[in-house]
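**Student:** Would you be able to build a 3D model of this:
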Amino acid sequence: MHTTGSGYSFEEMERDLDEMQRSLDARSVFVADDAGQIISLRPNDVDLDVPVLGALAVANLAATRQIVYLVDDGEQPQSQLLIIETPSGSVLLCGADNMLSLVVILRPESPLGLARLMAQEMTARISKLPFPAERDYRIDEGGIDEGDEWSEGIQDIVDQLGDIFS
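**Tutor:** Numbering: from 1, shown residues only. Alright, predicted model coming up:
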């Protein structure tokens, strides 16, 4: 895999994802943002519902991050690695500290140990991407603790949902 100085570019990420997918003979390797939107996908013609997988992966990582937060007295993990084993292979969910996620979908014959090492290395690299970080939108009694338009829109949705369910 490729690296440059202290930064990391989207072009380098694309090359590294290609290399990772080929080296592991993975069914799919992709990076999603914190909303579940796919940023990069390898291969491009995968026979999976990738948008749904991206959203579910990000939600799973967010839930796990919150569990760690509650169990570890408010400590937030900088990165995460979850391994889900299925009859048709394994799925690695990796959360980077810049709110990007790496998802690796392996075939049964893919080397899980190597995949884990490569995923941890790739997650460290995508953490260096110039992507908005430090967005921590926890909902509490006072609403979302951010003052930008995006979080105000989210707060409106949360308020509407509260009206629906109350």
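**Student:** Tell me the spacing between the residue nearest the centre of the chain and Met20.
**Tutor:** For the chain, the residue nearest the mean C-alpha position is Ser101 (1.7 Å; Cα atoms, centre = their mean). Computed as Cβ to Cβ, to the nearest Å, the Ser101 to Met20 distance reads 15 Å. In this view, the C-beta of every residue, glycine as well, is placed from N, C-alpha and C.
**Student:** Can you point out the buried residues in stretch 100-119?
**Tutor:** For stretch 100-119, the neighbour count (16 or more other Cβ atoms under 10 Å) marks 100-106, 110, 115-116, 118-119 as buried.
**Student:** Count the residues that sit near Leu70.
**Tutor:** Residues near Leu70, counting by other Cβ atoms under 10 Å, number 10.
**Student:** what residues go with each domain of the chain?
**Tutor:** Domains of the chain are assigned by automatic domain parsing as 10-135, 137-166.
**Student:** Highest mean neighbour count out of those?
**Tutor:** Ranked by mean neighbour count under mean count of other Cβ atoms under 10 Å, these are led by domain 10-135, which reaches a mean of 17.
**Student:** Tell me which residues are up against whatever helix or strand Thr123 lives in.
**Tutor:** Using DSSP states H and E, Thr123 sits in helix 112-126. Contact partners of helix 112-126, identified using Cβ atoms under 8 Å, 6 or more residues apart in numbering, comprise 1, 3, 8, 12-13, 16-17, 20, 23-24, 26, 31, 79, 81, 83, 90, 92, 94-96, 98, 100, 102, 104, 106.
**Student:** Check stretch 38-52 too.
**Tutor:** Here stretch 38-52 makes contact (Cβ under 8 Å, 6+ apart) with 10, 13-14, 17-18, 20-21, 26-33, 36, 54, 100, 105.
**Student:** could you give me the average pLDDT of that stretch?
**Tutor:** For stretch 38-52, mean pLDDT rounds to 89.
**Student:** end to end, how far does that stretch reach?
**Tutor:** From its first residue to its last, stretch 38-52 covers 10 Å (Cα to Cα, to the nearest Å).
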